[in-house]
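S.K.: give me a 3D structure for the following:
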Amino acid sequence: MNLKKDNELRYGKVEMRESNLKWIKKYNFLDNQDNELEIQYNTEQFLDELIKKVDPNHLLIFDYGFEYEERNLKPYKSLIRTYKEHHLSSDPIEMPTETDITYDVNFSFLKQYFEENNFEYKIMKQYEFLDKYGYPEIYSSLKNQFVETYGVDQLKLKSDIVGLEAIHNDRGLGGFYCIEAKKL
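M.R.: Next up, the predicted model:
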């Protein structure tokens, strides 16, 4: 983005950094399928540093995302979006101080990264991860408690139930990608 003389933010093109081009070649993302591709060089550096300092046996990552071979199926060209009060907002440069800016994580990169660093991995959607680790039982238990309570306790349970439904809905937060990585 460029700041013009009239103090307006505008999109601008710049020459690609050598480090970014090396990253694209390293992970074989040369054909960007005529869509934007987030270069996650900093993610790679972060994971390198984390693994070096913490030496984890397991890593778990949840986020907005895509797998590279499915990138063209996304209904938008840009991976950068803004949210305001948990709702999709305007173009990122329209309200730069009033919205949260996010982008989709390239989970194909994460798969390759973990493979190269001696981790086995499983990739799934958040709702699948939740189902695997007990969501149905927790949800059912709360629903049963809800019908047996009254007043403020019932309102609190309703809030918990709505929250669980939100993180499990595959068209919302449940559609987040999840990658479980385990050191070999």
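S.K.: what about the chain, any weak spots by pLDDT?
M.R.: Regions of the chain meeting the criterion pLDDT under 70 cover residues 1-5, 7, 9-11, 31-35, 77, 92.
S.K.: in it, where's the longest helix?
M.R.: Ranked by residue count under DSSP state H, the longest helix found in the chain is helix 151-168.
S.K.: does anything pack onto the next helix or strand after that helix? Which helices or strands?
M.R.: Proceeding C-terminally, helix 151-168 gives way to strand 177-183 as the next helix or strand, assigned by DSSP states H and E. Contact here means 3 or more Cβ pairs under 8 Å, 6 or more residues apart in numbering; DSSP states H and E; on that basis strand 177-183 packs against strand 58-63, helix 107-116, strand 119-125, helix 126-132. Bear in mind the C-beta positions are built from the backbone N, C-alpha and C, glycine included.
S.K.: mind listing what residue 142 touches?
M.R.: By Cβ atoms under 8 Å, 6 or more residues apart in numbering, the contact list for residue 142 reads 157, 160-161, 164.
S.K.: not counting sequence-adjacent ones, nearest residue to it?
M.R.: Nearest-residue entry for residue 142: residue 161, 5.3 Å, with adjacent residues in sequence omitted and distances by Cβ to Cβ, 6 or more residues apart in numbering.
S.K.: how about residue 145, what does it touch?
M.R.: Contact partners of residue 145, counting by Cβ under 8 Å, 6+ apart, are residue 157.
S.K.: for residue 151, same thing?
M.R.: When contacts are counted by Cβ under 8 Å, 6+ apart, residue 151 touches no other residue.
S.K.: check residue 106 too.
M.R.: Applying Cβ under 8 Å, 6+ apart as the definition, the contact partners of residue 106 turn out to be 29, 37-38, 40, 65-68.
S.K.: what do you get if the cut-off is 10 Å, keeping everything else the same?
M.R.: 27, 29, 37-40, 43, 65-68, 71, 79, 112-113, 177 (Cβ atoms under 10 Å, 6 or more residues apart in numbering).
S.K.: can you count the residues close to residue 75?
M.R.: Close neighbours of residue 75, defined as other Cβ atoms under 10 Å, add up to 4.
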